[in-house]
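J.: Sequence first, predicted coordinates after that:
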Amino acid sequence: MLIQEIEDKHWPNILKIQDESYQDFGAEELDVLKSKYEASPNTCFVCSSSNGELLGYLLAHPWSGTFPPKLFEPLPNIEQGEYLYLHDMAISPQSKGKGIGRMMASKLFGVAQNKGINRVILVAVQGSESFWSKVGFHEVNWGDECSSYGESAILMEKVLPL
């Protein structure tokens, strides 16, 4: 397995994996996903098999404040952020259970630390909080900031050593 930067050729498969992964509230449009990538290309990547098959993707970007970015809307221009917001990580259904999620999360943590960023925030959806807890995230309560992510969404944070 190889983690690499997102290339134009990856977007159709990113959309396919996203569509397969998010049955509860639907998929975001390509321009919305690309706005995450364009805000911070070096914190967005894909995982591919040795034969080039896309196994998963991760989109993260700088963010500030106590409310996560809204779903289904392109990001505003972001110069800097207080932390990295892990907007989305999805693994193709046939590739789950192979350690791809842990590998991509670990890669993101390393990139964040190299940039001097010590916090990663995310909204866990569809019961994913158990996975995120296993990689060091804990629930934080900042109010009703996750309503656009669904009723069972949970805001989580990981503090990284610098």
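T.: In hand now; what should we look at? Keep in mind that this is a model prediction, so the values were computed, not measured.
J.: which SS state does the residue in the chain sticking out farthest from the centre fall under?
T.: Relative to the centre of the chain, and counting by Cα atoms, centre = their mean, the farthest-placed residue is residue 51 at 24.0 Å. Assigned by DSSP: H, G, I helix; E, B strand; the rest coil, the conformation of residue 51 is coil.
J.: quick one: contacts for it?
T.: Contacts for residue 51 (Cβ atoms under 8 Å, 6 or more residues apart in numbering) come out as none. The way it works is simple: take the backbone N, C-alpha and C, and place the C-beta from them, glycine included.
J.: and the gap between it and residue 100?
T.: Separation of residue 51 from residue 100 (Cβ to Cβ, to the nearest Å): 15 Å.
J.: cool, and residue 11?
T.: Distance from residue 11 to residue 100, by Cβ to Cβ: 19 Å.
J.: quick one, which of these two is more surrounded?
T.: Using other Cβ atoms under 10 Å, the more surrounded residue of residue 11 and residue 100 is residue 100, with 21 against 17.
J.: ends of stretch 14-27, how far apart?
T.: Start-to-end span of stretch 14-27 (Cα to Cα, to the nearest Å) is 11 Å.
J.: what are the phi and psi values for the nearest residue to residue 43 once chain neighbours are set aside?
T.: On the basis of Cβ to Cβ, 6 or more residues apart in numbering, the spatially nearest residue to residue 43 that is not a chain neighbour turns out to be residue 60, at 4.3 Å. Taking degrees, to the nearest 10, you get phi -140, psi 150 for the backbone angles of residue 60.
J.: which SSE is residue 108 in?
T.: helix 100-114 (DSSP states H and E).
J.: Do I have it right that residue 44 meets residue 38?
T.: No - Residue 44 is beyond contact range of residue 38, at 9.0 Å (criterion: Cβ atoms under 8 Å).
J.: which residues are in contact with both of these two?
T.: Common contact partners of residue 44 and residue 38 (Cβ under 8 Å, 6+ apart): none.
J.: Show the pLDDT at residue 54.
T.: Reported pLDDT at residue 54 in the predicted model: 97.
J.: So residue 44 and residue 38 - more neighbours on which side?
T.: residue 44 (24 against 15).
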